[in-house]
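Student: Here is the input, now give the coordinates:
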Amino acid sequence: MIYRIVFPLFLLVLTMNVSAQKATDHDMVSAACLNYIEGFYQGDTSKLVEALSPRLHKFGYWKNDKTGDFGEPIYMTYTRALEYALDVLNQKNFAKPDAPKAVEVLDIMDHIAAAKVTAWWGYDYMLLSKESGKWQIVEVLWQGPYKDK
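Tutor: Okay, here's the model as predicted:
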């Protein structure tokens with residue numbers, strides 16, 4: 001009799017614990033993506049160091065306004081990302097206050113996650129990896145410019 005009461009309660013608690021873990025991972029993935037955007041927007045290398053894996057592989061395509069064609073891929077390494085942020089800071093070339101800043105977490109698993117970021121430059125699809133309990137962006141594929149829908 002007690003087994004019929006205790007076992008379902010145990011399953012309920014176990015399910016709630018797994019859901020809480022997923023929410024925590026969701027929050028951490030979102031935070032990494034937001035640090036990514038704000039790092040570039042504010043020229044804040046500390047946010048990028050927190051968000052990016054040193055193994056970062058980022059590349060994307062920019063559409064030429066005059067021809068309507070996309071150019072050759074543009075690559076960015078971890079080191080170049082930090083240099084870009086420093087350029088933003090040194091030149092005070094900050095994003096406008098109303099610049100888009102959206103994060104959509106697409107999927108989370110035990111060790112990997114996927115997200116979409118919308119920023120002033122366009123759209124980034126990113127893959128993250130959980131290393132030592134910390135989510136970091138490992139790969140980014142992007143397209144620009146941003147289009148207000």
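Student: need the contact list for the closest residue to residue 76 other than its chain neighbours.
Tutor: Nearest non-adjacent residue to residue 76, counting by Cβ to Cβ, 6 or more residues apart in numbering: residue 58, 4.2 Å away. All C-beta atoms are positioned from the backbone trio N, CA, C, and that covers glycine. Going by Cβ atoms under 8 Å, 6 or more residues apart in numbering, residue 58 touches 75, 76, 77, 81, 139, 140, 141, 142.
Student: In helices only, show me these.
Tutor: residue 81 (DSSP state H).
Student: so which of the contacts of residue 58 would you say is closest to residue 108?
Tutor: Taking Cβ to Cβ as the measure, residue 108 sits nearest to residue 139 out of those, at 15.6 Å.
Student: Phi first, then psi, for residue 83.
Tutor: Main-chain torsions, residue 83, degrees, to the nearest 10: phi -60, psi -40.
Student: measure it to residue 77 for me?
Tutor: Taking Cβ to Cβ, to the nearest Å as the measure, residue 83 falls 9 Å from residue 77.
Student: Nearest residue to the middle of this protein?
Tutor: For the chain, residue 33 is the residue whose C-alpha lies nearest the centre (Cα atoms, centre = their mean; 2.7 Å).
Student: Just the element for that residue, please.
Tutor: helix 2-42 (DSSP states H and E).
Student: what's the answer for residue 135, then?
Tutor: strand 134-144.
Student: which parts of that strand are buried?
Tutor: 135, 136, 137, 138, 139, 140, 142, 143, 144 (16 or more other Cβ atoms under 10 Å).
Student: can I assume the fourth one is in contact with residue 131?
Tutor: The one in question is residue 138. No: if you go by Cβ atoms under 8 Å, residue 138 and residue 131 don't touch, sitting 9.2 Å apart.
Student: Name the residues contacting each of those two.
Tutor: residue 53.
Student: Point out where the chain drops to low pLDDT.
Tutor: 1-23, 149 (pLDDT under 70).
Student: ok, residue 56 - contacts?
Tutor: 76, 77, 78, 81, 137, 138, 139, 140.
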